[in-house]
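>>> Fold the following, please.
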Amino acid sequence: MFNHYITVAGRKFSLLQMTWPVFIELLLQMLVGSIDQIMLSQYNETAVAAVGNANQIMMTLILSFNVICLAATIMLSQFLGAREMKKVEQIYTLAIVLNLVISLTLSILLLFGADALLGLMKVPADAFEEAKSYLMITTLSLPCQALMLTFSAFLRAHAKMLIIMCSTGLINIINIVGNIAFIYGIGPFPRFGAAGAAISTSICRTVGMIFMMCAFFRAIPNVHIGWKQLRPFPKNLLKRFLYIGLPSGGEGLSYNLSQSMSLIFVNMMGTYAVTTRMYTIMFAQICYMLTNAVSQSTAIIIGYCVGAREFEQADRQNWRVLKLFAPITLILTILLALFARPLFGMFSNDPQVLALGQKIFLVEIFLELGRCFNIVLVRNLQASGDVAFPVMIGICSQWIIGVGMAYVLGVHLGLGLVGVWISFMVDENLRAMIFTNRWKKGRWRSIESI
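All right, here's what the predicted structure looks like:
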């Protein structure tokens, strides 16, 4: 079932061949984000909490770039399916320009507003300065991150997943070496701690951008990108870009903003709760990483199907993936819950962190099952052109239940981090039921896609 071949618009796709490089890429991406925290845990746990807070802000900002990247991937797959190559080249240029403008604007705002933002998040006093130094340094490399993600989106739309995986692997190697040099200090380098992790991350982004750009122009020959493609300016294409991108990216942006708000509640519970949250998220990524990988590949195929008007093929692909990967997600989460205490013990000796982590993962079993459906269905609805509905439901559920219930259970009723996680579980499963019903109704078949 997994190695099933699909032919769309004269092009043959293998879900297995598309998915395994994405899975390795996501695994490596997780390591890039987690290595800072893993290596800093050997430095001190205050640094882990500091980087966790700073990364929450950074992840939210990076999602702003994903607004454009998601739109580019969806539109490119649809136009490639329809074989409209002039529009494809216009999308390349438009995406690059938009993400450069966004990244430069956000960098300037963050450089001047870091203190206020960390203060608003109620970052613990003992972690504040380290969080600020990490945030300020990584902000400088935001434009490089934006361009790296943009060219990655182009390659993904062309199903060049292996190239993206190799690039991420290179970034990981640089990050590990950089962390050893700058966190702990080797040779002429002093011990920088959290600031050292930030320096290493910034170098990774710069190298990753250069590698991704070179890989794109090598893999897609005779491509034309430049101001010439925007003359006359494609206003209708920009409108379509924003119509798809803002809701598609908005769902993820809303989720991360709601996570940032819930982090304020966790910060009120103490550093041990913040540290437990960081490690829980790190382990939880293992549960949904495979589903995330296959959903990205499936969304590309569905985009081609919709562009070629092959709706039955798109529907079969959606259910095939869910039937296969929902049980796999459940089994993985149960295994992690069974071994939660020794896993947390690899990074912390704090008995509070170990006990709390074990409780959180019992809730995580049910949370991840709902998240599996959400990841697949939201991406497939977006790829088919049904972009407004997921963001509307996402915003309502994430904030009313994910944040509102988190405050009531976690803070007001005193359930702490367990209460926050229960609210996340309810949010994920409610949205899963709504999106399943939405796909079954089939309104996505009649939405104008391109």
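
>>> Residue 224 in helix, strand or coil?
Following DSSP: H, G, I helix; E, B strand; the rest coil, the label given to residue 224 is coil.

>>> give me the low-pLDDT residue ranges for the stretch 101-250 of the chain?
Applying pLDDT under 70 to the stretch 101-250 of the chain flags the ranges 185, 187-191, 248-249.

>>> so where do the strands sit in it?
Shown for the stretch 101-250 of the chain, no strands are assigned by DSSP state E, counting those that start in this stretch.

>>> which stretches of it form helices?
Remark: helices assigned in the stretch 101-250 of the chain by DSSP state H, counting those that start in this stretch are 125-139, 142-157, 161-179, 194-219, 235-267.

>>> between those helices, which gets nearest to residue 421?
Closest to residue 421 of the helices of the stretch 101-250 of the chain is helix 235-267 (C-beta to C-beta; 9.7 Å). Any C-beta I mention is one placed from the backbone N, CA and C, and that applies to glycine too.

>>> following the closest one, which helix or strand shows up next?
helix 271-307 (DSSP states H and E).

>>> Give me the number of neighbouring residues for the closest residue to residue 394 other than its chain neighbours.
Closest residue to residue 394 apart from its sequence neighbours, by C-beta to C-beta, 6 or more residues apart in numbering: residue 251 at 4.2 Å. By the criterion of other C-beta atoms under 10 Å, residue 251 has 28 neighbours.

>>> Look up how far residue 446 lies from residue 251.
21 Å (C-beta to C-beta, to the nearest Å).

>>> repeat for residue 398
For residue 398, the distance to residue 446 (C-beta to C-beta) stands at 27 Å.

>>> More neighbours: the two, which one.
Neighbour totals were compared for residue 398 and residue 446, and residue 398 leads with 24 against 9 (other C-beta under 10 Å).

>>> for that one, helix, strand, or coil?
From three-state DSSP, the assignment for residue 398 is helix.

>>> Give me the distance between the nearest residue to it once chain neighbours are set aside and residue 395.
Spatial nearest neighbour of residue 398, excluding adjacent residues (C-beta to C-beta, 6+ apart): residue 258 at 4.1 Å. Distance, residue 258 to residue 395, by C-beta to C-beta: 8 Å.

>>> Between those two, which is the more surrounded one?
Using other C-beta under 10 Å, the more surrounded residue of residue 258 and residue 395 is residue 258, with 23 against 18.

>>> Give me the distance between that one and residue 420.
Look at residue 258 and residue 420: by C-beta to C-beta, they are 11 Å apart.

>>> Next: residue 261.
11 Å.

>>> which one of those two has more residues nearby?
residue 420 (26 against 17).

>>> What are the buried residues along the host helix or strand of that one?
Assigned by DSSP H and E, residue 420 belongs to helix 416-441. Judged by neighbour count using 16 or more other C-beta atoms under 10 Å, the buried positions of helix 416-441 are 416-417, 419-432, 434-435, 438-439.

>>> Likewise for stretch 405-419?
So stretch 405-419, judged by 16+ other C-beta under 10 Å, has buried residues 405-407, 409-411, 415-417, 419.

>>> Dump that stretch to PDB, restricted to CA.
Provided in PDB are the C-alpha atoms of stretch 405-419 (Å, rounded to 0.1, in the frame of the first residue of the first chain):
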ATOM      1  CA  MET A 405      -9.100  25.500  28.700                       C
ATOM      2  CA  ALA A 406      -5.300  25.500  29.400                       C
ATOM      3  CA  TYR A 407      -5.800  28.500  31.700                       C
ATOM      4  CA  VAL A 408      -8.800  27.000  33.500                       C
ATOM      5  CA  LEU A 409      -7.300  23.500  34.000                       C
ATOM      6  CA  GLY A 410      -3.600  24.400  34.300                       C
ATOM      7  CA  VAL A 411      -3.800  27.700  36.300                       C
ATOM      8  CA  HIS A 412      -7.200  28.200  37.800                       C
ATOM      9  CA  LEU A 413      -7.800  24.600  38.900                       C
ATOM     10  CA  GLY A 414      -4.200  24.000  39.700                       C
ATOM     11  CA  LEU A 415      -3.600  20.900  37.400                       C
ATOM     12  CA  GLY A 416      -0.400  22.500  36.100                       C
ATOM     13  CA  LEU A 417       1.300  21.200  33.000                       C
ATOM     14  CA  VAL A 418      -1.000  18.200  32.900                       C
ATOM     15  CA  GLY A 419      -4.100  20.500  32.700                       C
END
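
>>> Quick one: residues in contact with that stretch.
Defining contact as C-beta atoms under 8 Å, 6 or more residues apart in numbering, one finds that stretch 405-419 is touched by 262, 265-266, 268-269, 273, 276-277, 356, 359-360, 363, 420, 422-424, 426-427.

>>> again, only this time at 7 Å
Residues outside stretch 405-419 that contact it (C-beta atoms under 7 Å, 6 or more residues apart in numbering) are 262, 265-266, 268-269, 273, 276-277, 356, 359-360, 363, 420, 422-423, 426.

>>> same thing with stretch 104-119?
53, 57, 61, 64, 128, 131-132, 135-136, 139-140, 142-143.

>>> Report the two of those separated the most.
128 and 143 (26.3 Å).

>>> For residue 397, see how far away residue 330 is.
For residue 330 relative to residue 397 (C-beta to C-beta), the value is 21 Å.

>>> So between these two, which is more surrounded?
Ranked by neighbour count (other C-beta under 10 Å), residue 330 and residue 397 place residue 397 first, with 22 against 16.

>>> How much space separates that one from residue 429?
10 Å.

>>> Tell me the one of the contacts of stretch 405-419 nearest residue 339?
Relative to residue 339, the closest of the contacts of stretch 405-419 is residue 360; by C-beta to C-beta it sits at 13.6 Å.

>>> Report the secondary structure element holding the closest one.
helix 351-383.

>>> ok and that helix relative to helix 416-441, angle-wise?
20 degrees (axes from the mean of the first three to the mean of the last three C-alpha atoms, to 10 degrees).
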